[in-house]
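[1] Return atomic coordinates for the entry below.
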Amino acid sequence: MGKARPRDMRRRTVVLDTGALIAFERGDERMRALLIAARATGIRMVIPAGVLAQAWRDPAKQIALGSLTKAKETTVVPLDKVLAEAAGVLCGKRRTSDVVDASVVLTARREGPGTVVVTSDVDDLQHLDKAVELHRI
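    Residues are numbered from 1 along each chain as shown. As a prediction, this is how the structure comes out:
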């Protein structure tokens, strides 16, 4: 696990957790570089809906985040019945209660090989699934 660097993520899918969105909104250089790389190299950015809900507070002030969610490289994945139930089951198995973290892990699994999660919460996500590739932001 290392820091997220755009050159490490060419032609990949990147799942963003709440910490990544907050870092982006605060102007973190690594997150800005990741978005630039996504536009230049076709990196697909995926944001689980629960993650967006945790970070979204004031659309009038969150211009950058709004722009990220509207970018053609970005997909916001809904928390539907199937994902909600799977997140609950995963939380039960791992004896934790954060269904948003579980939805991040499950979204990464669903996206398949080569998917990386950009997160500020490596320990909690590793607890849910040690096989998911994580990059600390």
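[2] Residue 111 touches residue 12, doesn't it?
    No. Using CB atoms under 8 Å as the test, residue 111 is too far from residue 12 to be in contact (9.2 Å). Backbone N, C-alpha and C define where each C-beta goes, glycine included.
[3] Now do the contacts for the most centrally placed residue in the chain.
    Centroid check for the chain by CA atoms, centre = their mean gives residue 16 as the closest residue, at 1.6 Å. Counting by CB atoms under 8 Å, 6 or more residues apart in numbering, residue 16 touches 24, 45-47, 51, 117-118.
[4] Between these, which sits nearest residue 64?
    Residue 64 has its nearest neighbour among those in residue 24, at 6.6 Å by CB to CB.
[5] Ignoring the adjacent residues along the chain, who's closest to the closest one?
    Leaving aside its sequence neighbours, residue 24 sits nearest to residue 31 (CB to CB, 6 or more residues apart in numbering; 3.9 Å).
[6] and what of residue 97?
    In space, and not counting its chain neighbours, residue 97 is closest to residue 91: 5.8 Å by CB to CB, 6+ apart.
[7] Please identify the buried residues of the helix or strand hosting that neighbour?
    Per DSSP states H and E: residue 91 is located in helix 81-94. For helix 81-94, the neighbour count (16 or more other CB atoms under 10 Å) marks 83-84, 86-87, 90-91, 94 as buried.
[8] again with stretch 37-54
    Quick answer for stretch 37-54 (16+ other CB under 10 Å): 37-38, 43-52.
[9] how about these, which pair is most distant?
    It's 37 and 50 that sit farthest apart of those, by CB to CB, at 25.1 Å.
[10] Number of residues surrounding residue 15?
    Residues near residue 15, counting by other CB atoms under 10 Å, number 31.
[11] Which residues are in contact with it?
    46-48, 104, 107-108, 111, 115-118.
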